[in-house]
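>>> What would the 3D arrangement of this be:
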Amino acid sequence: MKNILQITILALVFLGFTAAPAWADELNHGASNAQLSGEEWWDIPYPQRFDSSLLMEKQEALSVSGKDLVTESGSVMILRGVNIADPDKLTHQDRWNRRLFEEVASWGANTIRLPVHPMGWRKRGPDWYLERIDEAVFWANSLGLYLIIDWHSIGNLQTQMFQHPMYQTSLVETSDFWRRIAFRYRDVPTVAVYELFNEPTDDFIGNGKGSLGKLSWESWRETLETLVDIVQVYDPGSISLVGGMNWAYNLDPVAEMPIRREGVAYASHAYPQKAKPEENTRQAYFDAWQQQWGFVAQNYPVIATEIGWVHEDGFNAHVPVINNDGSYAPNLVNFMRERGISWTVWCFDVDWAPVMISDWEFTPSPQGRFFRDVMLQAKAGELSATTIPSPRVVEYPWMSIERWRDMYREDLSIADEGEIELLFLGDSITEGWTETIWNQNFAPHKAANFGIGGDKTQNLLWRLRNGSVGKLDPGVVVLMIGVNNFGLGEDTPVEVARGVEAIIDQLQSDFDQARIVLLGILPVGQEAGTEIRQKVSDTNMLLETFGGRDRVEFHDIGAAFLEEDGSMSPQIMADFLHPTEQGYAVFAEQLNAILKPMLP
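Predicted coordinates:
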């Protein structure tokens, strides 16, 4: 069956014979309409390849090596970027220009996924699209961006039943599209990946399996292999990207039946409502993603070419892209980061939801802001869990996720009222101020305590970016955070310092007049010279460097909690982490000396 299918398609494509519908484009060995306009058929020239010598910048070509995408020099490459709209739509709206690509690059992206819809391809014609893709190659190359070219159809290619007329195509047209693209962009390093078919499905918008005709992975695999063969004939060594069932989400059949070709990577469109674990925890989602598609990254490159989310009351919210609690994006980014999975976000456009921008001034949407920050951090080599804003996604015996959200909502109410002069931010050590000591020392200064037990830097950063500042305009902010990144995580001092720095950046953006008192992490453990003590000390040395920033003071008051030999008394911290009443008295004495010159 496989051999017959391949022979048939190749014969149709290369001989120019087609049984495709009347709307299918005539096949002419890649010749353009302009070339076909010659007076006599024998004067028709052969098609030309893109001249890569005209590119301004040297880019290393990418290829597949085991489970990785690698450069010519052998370095592992993680693609992080965005989808833009179809060139036809953007041209119609007068938005197809270099400025769009410049803005994407300024957000830290290294990749643009370029969707080409079959209806647009037929409407404009191959000549027009190749001219636009040529422009995209020049713009992308000059900005250090790679391109993923995507044949953007949704449906069942084998039965020619699709989700919408814009996706209507045929196997012959699809094969000819890739013949033209692979021929023209052979050995053009900027064109890094060919995504052969956007979203295969036999389900018509939730009407049930088979509502677009039956489609099995076994038969779909043979179709994909035929397309890979065509691409490899014209562009040997290129990367073909293939998606699985369920609108390119599920890759579970790959475990037993992978594509039987070289140079293949796998795509997943991991939108928030695709995985449906019983519990809304990070581990539950990690387990679901790993089982359904993430496991493929153990053996092959994986690119999540469509990810993204919108709140249920956001612009054009629809299944499966809705996420209300803010946990999807940080969970997914951390999942992919740990596994070396590449990704592109849908969509850097004002119309195609979930949108990353809300207007053509490129104002970021909530998901746009999140992914922009992640891409910029990754570009700077500073991406870690500590800097990715995340709500609480782990259940602890002493605090549920729901309790954390209750405390967060309580802080929102306080923030919405304003009238706060002194703001405390942190974890359980900040939360734990006793009522007596708090009222004696800080309540008279219109103080608010936004400490939540168990918080790491990423949790506090998420709270600040999701309403915790409200109408607040404090004169002084006291910040102490980071110990849980050690005790409840495995972050390094450098990573913790990056998380704290991200919080300082956010505070300076939110409060343009406030003075920030950054406190060093307090000592942990009864004895001196332990590993955790060293981590705290190393982190505080890094935090000290932030004290030179505008309106930031660093103070390490840890020595006040220790004996002369460096040990810690249980009278000061009974569990050698959280201050007792006596410990908070020491804390207040130290802090009052720092705050006195700052407060009225």
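
>>> contacts and neighbour counts: CA atoms only from here.
OK.

>>> Kindly provide the distance from Gln534 to Phe486.
11 Å (CA to CA, to the nearest Å).

>>> likewise Leu147?
39 Å.

>>> and if you look at Glu382?
In terms of CA to CA, Glu382 sits 18 Å off from Phe486.

>>> With Pro258 instead?
Distance from Pro258 to Phe486, by CA to CA: 40 Å.

>>> repeat for Leu595
For Leu595, the distance to Phe486 - CA to CA - is 28 Å.

>>> Likewise for Val350?
Taking CA to CA, one finds Val350 at 41 Å from Phe486.

>>> okay, the two: which has more neighbours?
The neighbour comparison of Val350 against Phe486 (other CA atoms under 10 Å) goes to Val350, with 20 against 16.

>>> which SS class is the more buried one?
coil (DSSP: H, G, I helix; E, B strand; the rest coil).

>>> Equivalent analysis for Met375, please.
Met375 ends up helix, using three-state DSSP.

>>> residues in contact with it?
Contacts for Met375 (CA atoms under 8 Å, 6 or more residues apart in numbering) come out as Arg80, Gly81, Trp107, Gly108, Ala109.

>>> Which stretches in the stretch 1-150 of the chain count as strands?
Under the criterion DSSP state E, counting those that start in this stretch, strands of the stretch 1-150 of the chain are mapped to 63-65, 68-70, 80-83, 111-116, 146-151.

>>> average pLDDT across the first one?
Read that as strand 63-65. Averaged across strand 63-65, pLDDT comes to 98.

>>> With stretch 93-111 instead?
On average, stretch 93-111 scores 98.

>>> CA atoms only for stretch 90-101, dumped as CSV, please.
What follows is stretch 90-101, C-alpha atoms only, in CSV (Å, rounded to 0.1, in the frame of the first residue of the first chain):
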residue,chain,number,x,y,z
LEU,A,90,-1.3,40.8,6.6
THR,A,91,-1.0,42.3,3.1
HIS,A,92,-4.7,42.9,3.0
GLN,A,93,-4.4,44.8,6.3
ASP,A,94,-1.3,46.6,5.1
ARG,A,95,0.7,44.9,7.9
TRP,A,96,3.1,42.7,5.9
ASN,A,97,6.3,44.6,6.3
ARG,A,98,9.7,44.5,7.9
ARG,A,99,8.5,46.3,11.0
LEU,A,100,6.5,43.3,12.0
PHE,A,101,9.5,41.1,11.9
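
>>> How about residues contacting that stretch?
Pro87, Trp139, Ala140, Leu143.

>>> Name the nearest of the residues you listed relative to Gly294.
Ala140 (28.9 Å; CA to CA).

>>> Report the separation between that closest one and Pro597.
Applying CA to CA to Ala140 and Pro597 gives a distance of 53 Å.

>>> More neighbours: which of those two?
Ala140 (25 against 8).

>>> ok, what's across the strand from Gly426?
Gly451, Met480 (DSSP bridges).

>>> Now do the residue lying closest to Asn316 once chain neighbours are set aside: how many residues are near it, please.
Among residues not flanking Asn316 along the chain, Ala353 sits closest, at 6.0 Å (CA to CA, 6 or more residues apart in numbering). Ala353 sits with 20 neighbouring residues when counted by other CA under 10 Å.

>>> same check, this time on Val172
The number of residues near Val172, taken as other CA under 10 Å, comes to 22.

>>> That one belongs to a helix?
Yes. According to three-state DSSP, Val172 belongs to a helix.

>>> Does the nearest residue to Gly525 once chain neighbours are set aside lie in a helix or a strand, and which?
Leaving out its chain neighbours, the residue that sits closest to Gly525 by CA to CA, 6+ apart is Phe576, at 4.9 Å. Assigned by DSSP states H and E, Phe576 belongs to no helix or strand.

>>> Now do Ala105 against Ile148, distance only.
15 Å.

>>> can you pick the most crowded of the contacts of Met375?
Gly81 (29 neighbours).

>>> what are the bridge partners for that residue, then?
Here Gly81, judged by DSSP bridges, has bridge partners Thr111, Thr344.

>>> remind me which residues of the stretch 1-150 of the chain are low pLDDT?
1-39 (pLDDT under 70).

>>> Could you break this protein into its assigned domains?
64-383, 401-595 (automatic domain parsing).

>>> What pLDDT is listed against the nearest residue in space to Leu562 that is not next to it in sequence?
The shortest distance from Leu562 to any non-neighbouring residue, by CA to CA, 6+ apart, is to Met568 (4.9 Å). What the model reports for Met568 is a pLDDT of 97.

>>> now Met568: how far from Glu581?
15 Å.

>>> Among the two, which residue is more densely surrounded?
Remark: of Met568 and Glu581, Met568 carries more neighbours, 23 against 18, as counted by other CA under 10 Å.

>>> does the more buried one sit in a helix or strand, and which one?
With DSSP H and E as criterion, Met568 is part of no helix or strand.

>>> Contact partners for it?
Gly525, Gln526, Glu527, Phe561, Leu562, Phe576.

>>> Surely the last one touches Glu527?
No. Counting by CA atoms under 8 Å, Phe576 does not reach Glu527; the two are 9.2 Å apart.

>>> Restricting to C-alpha, output stretch 575-582 in PDB.
C-alpha atoms of stretch 575-582 as PDB (Å, rounded to 0.1, in the frame of the first residue of the first chain):
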ATOM      1  CA  ASP A 575      12.500  25.000  63.700                       C
ATOM      2  CA  PHE A 576      15.600  26.800  62.600                       C
ATOM      3  CA  LEU A 577      13.800  28.500  59.800                       C
ATOM      4  CA  HIS A 578      10.900  30.600  61.200                       C
ATOM      5  CA  PRO A 579      11.400  33.200  63.900                       C
ATOM      6  CA  THR A 580       9.700  32.700  67.300                       C
ATOM      7  CA  GLU A 581       8.100  35.600  69.200                       C
ATOM      8  CA  GLN A 582      11.600  36.300  70.500                       C
END
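
>>> related to what we said a few turns ago, just the buried residues from the contacts of stretch 90-101, in PyMOL please.
Typed into PyMOL, the line below selects the buried ones among those, using 16 or more other CA atoms under 10 Å:
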select buried, resi 87+139+140+143
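
>>> Select from the contacts of stretch 90-101 every entry located in helices.
Pro87, Trp139, Ala140 (DSSP state H).

>>> Distance to Thr174 added to those, as TSV?
Listed next are these as TSV, based on distance: CA to CA, whole Å:
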residue	distance to Thr174
Pro87	18
Trp139	26
Ala140	25
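
>>> Closest one to Ser73 out of those residues, please.
Closest to Ser73, out of all of the ones in helices among the contacts of stretch 90-101 and judged by CA to CA, is Ala140, at 20.6 Å.

>>> what residues are up against the nearest residue to Glu102 once chain neighbours are set aside?
Ranked by CA to CA, 6+ apart and with sequence neighbours excluded, the top spatial neighbour of Glu102 is Leu143, at 7.0 Å. Going by CA under 8 Å, 6+ apart, Leu143 touches Phe101, Glu102, Ala105.

>>> Surely the last one touches Leu145?
Yes. The pair formed by Ala105 and Leu145 meets the contact definition of CA under 8 Å, at 7.3 Å.

>>> Which one of these two is surrounded by more residues?
The neighbour count for Ala105 versus Leu145, taken as other CA under 10 Å, is higher for Leu145 (27 against 21).

>>> Tell me how far the more buried one lies from Leu114.
In terms of CA to CA, Leu145 sits 12 Å off from Leu114.

>>> which stretches of the stretch 101-250 of the chain form helices?
Applying DSSP state H, counting those that start in this stretch to the stretch 101-250 of the chain gives helices spanning 118-124, 126-142, 171-184, 217-234, 245-248.

>>> by contact count, what packs against the fourth one?
Just to be clear, that refers to helix 217-234. helix 2-15, helix 171-184, strand 239-243 (3 or more CA pairs under 8 Å, 6 or more residues apart in numbering; DSSP states H and E).

>>> can we see that at 6 Å?
With contacts taken as 3 or more CA pairs under 6 Å, 6 or more residues apart in numbering; DSSP states H and E, helix 217-234 sits against helix 171-184.

>>> which residues touch the helix it packs on?
Gly30, Arg49, Phe50, Val231, Tyr234, Asp235 (CA atoms under 6 Å, 6 or more residues apart in numbering).
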